[in-house]
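>>> Just need the structure, nothing else, for what follows:
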Amino acid sequence: MSEIKLDMPFDKCELKKLRAGDNVLLSGEMFVFRDAGHKRLFASIEKGSPDIDFAGETVYFMGPCPAQKDQIMGSCGPTTSCRMDKYTPYMFDHGLAAQIGKGKRSLECIEAFKRNGGVYFAAIGGAGALYSKCVTAVKEICYSDLGTEAIRRITVKDFPVVVAIDSEGNSVYNE
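Residues are numbered from 1 along each chain as shown. Sure thing, here's the model as predicted:
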């Protein structure tokens with residue numbers, strides 16, 4: 001089975017060509033944050049001044065381990081995505097292109113992917129050491145007081161994922 005290589009940020013036309021089950025290698029920049037980062041971001045949105053612009057972006061649900069000597073980032077495997085489901089429809093309705101995590105998503109999320117031509121990629125749980133080798137740069141963006149849950153921007157090269165839910169709502173979890 002061949003792998004599709006894609007650069008971030010995505011063109012929505014590229015995402016619409018992907019099908020559930022496709023193997024993809026991602027390269028480029030993405031945001032990294034999870035529960036506490038989402039909660040803080042949504043507090044800023046409710047105040048009318050979002051702390052980041054996520055339109056056209058990809059968010060990877062992950063909190064990295066501390067980097068060891070000679071590492072750019074420590075182990076960085078995915079976290080369970082359903083904990084972010086309450087934020088997902090809003091984010092896709094306001095321009096988010098893709099998310100990366102692990103596990104099933106709610107019907108509300110799937111409908112948001114379909115409405116907005118978005119995609120949900122699955123990363124392999126337990127493969128954090130492998131993923132850390134794909135990271136070429138990392139920059140903390142905001143919420144440093146949250147430690148591993150701060151919002152970061154990472155650059156990756158050939159980051160392996162699977163299209164778990166495509167822009168038509170097809171899901172590998174229903175197979």
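>>> Quick one: neighbours of the closest residue to Gly21 other than its chain neighbours, just the number.
Spatial nearest neighbour of Gly21, chain neighbours left out: Val172 (5.4 Å); criterion: Cβ to Cβ, 6 or more residues apart in numbering. All C-beta spots, glycine's among them, are computed from the backbone N, C-alpha and C. Counted with other Cβ atoms under 10 Å, residues neighbouring Val172 total 17.
>>> And for stretch 86-100, what's in contact with it?
8-10, 12, 15, 26, 30, 38, 41-42, 45, 54-62, 78, 81, 84, 105-106, 108-109, 111-113, 115-116, 118-123, 161 (Cβ atoms under 8 Å, 6 or more residues apart in numbering).
>>> Residue for residue, what is the longest strand the protein has?
strand 151-165 (DSSP state E).
>>> List the buried residues in that one.
Neighbour counts over strand 151-165 (16 or more other Cβ atoms under 10 Å) mark 151-156, 159-165 as buried.
>>> Would you mind giving those as JSON lines with pLDDT and distance to Met73 added?
Output for the buried residues of strand 151-165, formatted as JSON lines (pLDDT from 0 to 100; distance: Cβ to Cβ, whole Å):
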{"residue": "Ile151", "pLDDT": "96", "distance to Met73": "14"}
{"residue": "Arg152", "pLDDT": "95", "distance to Met73": "9"}
{"residue": "Arg153", "pLDDT": "97", "distance to Met73": "12"}
{"residue": "Ile154", "pLDDT": "97", "distance to Met73": "7"}
{"residue": "Thr155", "pLDDT": "98", "distance to Met73": "10"}
{"residue": "Val156", "pLDDT": "98", "distance to Met73": "10"}
{"residue": "Phe159", "pLDDT": "97", "distance to Met73": "12"}
{"residue": "Pro160", "pLDDT": "97", "distance to Met73": "16"}
{"residue": "Val161", "pLDDT": "98", "distance to Met73": "17"}
{"residue": "Val162", "pLDDT": "97", "distance to Met73": "21"}
{"residue": "Val163", "pLDDT": "98", "distance to Met73": "24"}
{"residue": "Ala164", "pLDDT": "98", "distance to Met73": "23"}
{"residue": "Ile165", "pLDDT": "98", "distance to Met73": "26"}
